[in-house]
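Colleague: All I have is the shape, not the residue letters:
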């Protein structure tokens with residue numbers, strides 16, 4: 001069976017989606033393909049998001065915000081949106097989840113930690129579900 005592909009989407013692809021992708025890559029250990037993108041990508045990743053993930057031993061400093069493409073959505077099994085609303089393209093047959101999370105943009109590390117921890121909780125639950133699902 002091929003690896004499941006998960007796409008994380010937020011507006012700027014600079015904070016929430018990058019932290020989620022970082023966790024899924026780290027915790028998934030190569031068992032899941034991970035993509036992330038933004039409907040209006042920022043120029044760089046939020047440095048506070050990088051710092052928050054570094055505290056967890058996960059380095060996302062080398063990642064770059066990417067523009068959301070229809071191909072990325074089409075190749076994904078699960079599309080997780082984080083506050084991009086109507087900007088996220090919808091394709092029938094895909095599994096969509098909308099994670100309502102605080103936006104780390106402009107926040108300090110103290111405000112970003114609980115967002116990071118909630119993302120980790122959700123990623124762990126998603127990973128459990130993806131890897132323990134029906135095999136075939």
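Modeller: That came through fine. Since this is a predicted model, take the numbers as computed values, not measurements. Numbers count the residues shown, from 1 in each chain.

Colleague: biggest helix in this structure by residues?
Modeller: Assignment by DSSP state H gives helix 109-132 as the longest helix of the chain.

Colleague: list the buried ones in that helix?
Modeller: 112-113, 115-116, 118-120, 122-123, 126-127, 130 (16 or more other C-beta atoms under 10 Å). Glycine gets a C-beta too; all of them are placed from N, C-alpha and C.

Colleague: same check, this time on stretch 25-32
Modeller: Here stretch 25-32 shows 25-28, 32 as buried, counting by 16+ other C-beta under 10 Å.

Colleague: which pair in those residues spans the largest distance?
Modeller: 26 and 32 (10.9 Å; C-beta to C-beta).

Colleague: now the buried residues of helix 109-132 in TSV, with pLDDT and distance to residue 73?
Modeller: What follows is those, written out as TSV (pLDDT from 0 to 100; distance: C-beta to C-beta, whole Å):
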residue	pLDDT	distance to residue 73
112	98	27
113	98	30
115	97	24
116	98	25
118	98	24
119	98	20
120	98	24
122	98	20
123	98	19
126	97	17
127	96	20
130	93	17
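
Colleague: show me where pLDDT drops low in this protein?
Modeller: 1, 84-89, 133-136 (pLDDT under 70).

Colleague: Going by residue numbers, what spans are helices in it?
Modeller: Going by DSSP H, the chain shows helices at 16-28, 47-54, 70-74, 109-132.

Colleague: and these as a markdown table, adding distance to residue 82?
Modeller: A markdown table is the format used below for the helices of the chain (distance: least, C-beta to C-beta, whole Å):
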| stretch | distance to residue 82 |
| --- | --- |
| helix 16-28 | 4 |
| helix 47-54 | 12 |
| helix 70-74 | 15 |
| helix 109-132 | 9 |
